[in-house]
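> Structure of the sequence below:
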Amino acid sequence: MSKTPNYFIVEAGALPEIFPKVAEAKRLLETGEVDTVNAATRRVGISRSAFYKYKDAVRPFNDMLHGRIVTFQILLKDEPGVLSAVLNIFAQSGGNILTINQGIPVNGCAAVTIGAETSGLQLSLEELLAQALNVEGVVRCEILAG
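Sure, this is the predicted structure:
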């Protein structure tokens, strides 16, 4: 019978140096900044054996309580470039898009739901909505949840 794992949330400064380095090596591999475990471990200064020993047990904690996740619902005309223009507004304003879900266009319009982390916004949510509404082809833009 396998033992159920126990988890702890510990401030990174209290951990042995190896754990943050393993997490950084995993990040380098996941983002494609390096192609091999060997390259990742060399970059962060740990052995491959230490990486393999801890790789499945170490994960960074993303504290979403300090961020703000907002779900936007947008109705777009079925025209090339409209969604791209809306996404550019999010990018330019400092919003971090987490999810995009687009339905099949019906009657010339498609419903799009965007989940975004908004703690880095350089403008208010109202200003973001106004800019999105000013995009040619945006029929409606509103906050669904958040």
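> And the helices in the protein?
For the chain, the helices defined by DSSP state H cover 18-31, 37-44, 48-54, 82-93, 125-133.
> Run through who's touching the last one.
The contact list for helix 125-133, computed with Cβ atoms under 8 Å, 6 or more residues apart in numbering, reads 70, 72, 74, 86, 89-90, 93, 95, 118, 121, 123, 138, 140-143. (Each C-beta comes from the backbone N, C-alpha and C, glycine too.)
> now the residues you listed: which count as buried?
Buried members of the contacts of helix 125-133, scored by 16 or more other Cβ atoms under 10 Å, are 70, 72, 74, 86, 89, 90, 93, 95, 118, 121, 138, 141.
> export those residues to CSV and tack on pLDDT?
Below are these laid out as CSV (pLDDT from 0 to 100):
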residue, pLDDT
70, 87
72, 89
74, 92
86, 93
89, 91
90, 90
93, 90
95, 86
118, 84
121, 83
138, 91
141, 89
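> Can you tell me which of these is closest to residue 28?
Lowest distance from residue 28 to the buried ones among the contacts of helix 125-133 (Cβ to Cβ) belongs to residue 95, with 25.4 Å.
> For residue 80, see how far away the residue nearest to the closest one when sequence neighbours are not counted is.
Sequence neighbours aside, residue 116 is the residue nearest to residue 95 in space, at 4.6 Å (criterion: Cβ to Cβ, 6 or more residues apart in numbering). Separation of residue 116 from residue 80 (Cβ to Cβ, to the nearest Å): 23 Å.
> Comparing these two, which residue is more hemmed in?
Using other Cβ atoms under 10 Å as the criterion, residue 116 and residue 80 rank with residue 116 on top: 23 against 7.
> ok, what's across the strand from that one?
When assigned by DSSP bridges, residue 116 has beta-bridge partners residue 70, residue 97.
> List the contacts of it.
Contacts for residue 116 (Cβ under 8 Å, 6+ apart) come out as 69, 70, 71, 72, 90, 95, 96, 97, 98.
> Now do residue 43 against residue 36, distance only.
Taking Cβ to Cβ, one finds residue 43 at 11 Å from residue 36.
> Looking at these two, which one has more neighbours?
Shown here are residue 43 and residue 36; by other Cβ under 10 Å, residue 43 has more neighbours (14 against 10).
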